[in-house]
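1. Let's see this in three dimensions:
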Amino acid sequence: MKILLPADGSDHSLRATKKAIDLVKLFDGEIEVVYVVDGSTSKEDVLKSLSKVEIVQKRKERLEPVESLLSNAKVSYTIKFLHGEPGPTIVDYANNDEFEYVVLGSRGLNKVQTLVLGSVSHKVAKRVDCPVMIVK
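-> As a prediction, the model looks like this:
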């Protein structure tokens, strides 16, 4: 079993990580963690950092809590950094590989933002070909 786990180190993604671990242990599979760097995050990283090495290090640091959970659970995992708008990038990645599940955290958008913009988790759930678990 192969599970896609979009994560950003937030509390939502940590809860999703715990659920992905539970699922992968049931079926002895692997988890692929993806961290999507969008344009605004990329610009902010460049403006605040001195070097590409620092930028990569800061992105890895954001995922340390996720990686710690996975490592302590002794499950097989890989981490990949993708670039683009989070929703469509996750959907494309999930649909172009053989994932059995996508497990991701919900985001805390207010009702107006969700109505106007839609959440990443909602976009992923609507467009990914495999089952999606959204963890609150």
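2. right, and residue 98 touches residue 2 too?
-> Yes - with contacts counted by CB atoms under 8 Å, residue 98 reaches residue 2, the gap being 6.2 Å. All C-beta atoms are positioned from the backbone trio N, CA, C, and that covers glycine.
3. higher neighbour count, the two?
-> residue 2 (16 against 7; other CB atoms under 10 Å).
4. Next up, the contacts around the more buried one.
-> By CB atoms under 8 Å, 6 or more residues apart in numbering, the contact list for residue 2 reads 29-30, 32, 97-100.
5. Just confirm residue 58 is within a strand.
-> No - under DSSP: H, G, I helix; E, B strand; the rest coil, residue 58 sits outside any strand and is assigned helix.
6. Let's see the pLDDT reported for it.
-> Per-residue pLDDT puts residue 58 at 81.
7. what about it, neighbour count?
-> 12.
8. please begin residue numbering at 30 from this point
-> Sure thing, new numbering starts at 30, so read that last one as residue 87.
9. Going by contacts, tell me the helices and strands next to the helix or strand encompassing residue 151.
-> According to DSSP states H and E, residue 151 maps onto helix 149-156. In this structure, helix 149-156 packs against helix 115-124, strand 130-134, strand 161-164, with contacts taken as 3 or more CB pairs under 8 Å, 6 or more residues apart in numbering; DSSP states H and E.
10. can you give me the strands for the chain?
-> Using DSSP state E, the strands of the chain run over residues 31-35, 59-66, 105-112, 130-134, 161-164.
11. Quickly compare those and say which is most buried.
-> Using mean count of other CB atoms under 10 Å, the stretch among the strands of the chain with the largest mean neighbour count is strand 130-134, at a mean of 26.
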